[in-house]
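Undergrad: No letters, just coordinates:
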């Protein structure tokens, strides 16, 4: 796990969702909407203050792009098989593969996605920018 310095704040699920979604809704309404639409899960809506880890971010982004933006899954996720820990969470494997192959989220130099690593503000900004770039290419 990487060390975070004092100036790197850890992002909550709610903060991430509010940065990802382009409309201005109050957080409780946004979480309810995302859960109703299917790109958020019950735990996201119930615990928006929970720290955001990388696998949760990958799931939210993947489902958001799929459902809200109509972006179909990539059929070839072969490049993601280079990730040494892709199948650490089999439920998350496709979410991770989709965001990795689209260049939204990367891996470390050892090709570890590091599923449970907490997302910092700086990393979140990069991920949101990468997600916006993918949306613009639709």
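TA: Here it is on my side, so go on. Note that this is a predicted model, so its numbers are computed, not measured.

Undergrad: What ranges does the protein have for its helices?
TA: Counting by DSSP state H, residue ranges of the helices within the chain are 13-20, 27-37, 42-46, 54-67, 93-101, 121-136.

Undergrad: And these: which comes nearest residue 76?
TA: Judged by CB to CB, the one of these that comes nearest to residue 76 is helix 93-101, at 7.8 Å. C-beta here means a position set from N, CA and C on the backbone, and glycine is covered the same way.

Undergrad: Grab the nearest non-local neighbour of the most centrally placed residue in the chain.
TA: Residue closest to the mean C-alpha point of the chain, counted by CA atoms, centre = their mean, is residue 57 at 2.3 Å. Closest residue to residue 57 apart from its sequence neighbours, by CB to CB, 6 or more residues apart in numbering: residue 119 at 5.5 Å.

Undergrad: Adding distance to residue 83 as columns, could you present the helices of the chain in CSV?
TA: As requested, those are exported to CSV (distance: least, CB to CB, whole Å):
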stretch, distance to residue 83
helix 13-20, 21
helix 27-37, 26
helix 42-46, 24
helix 54-67, 11
helix 93-101, 7
helix 121-136, 16
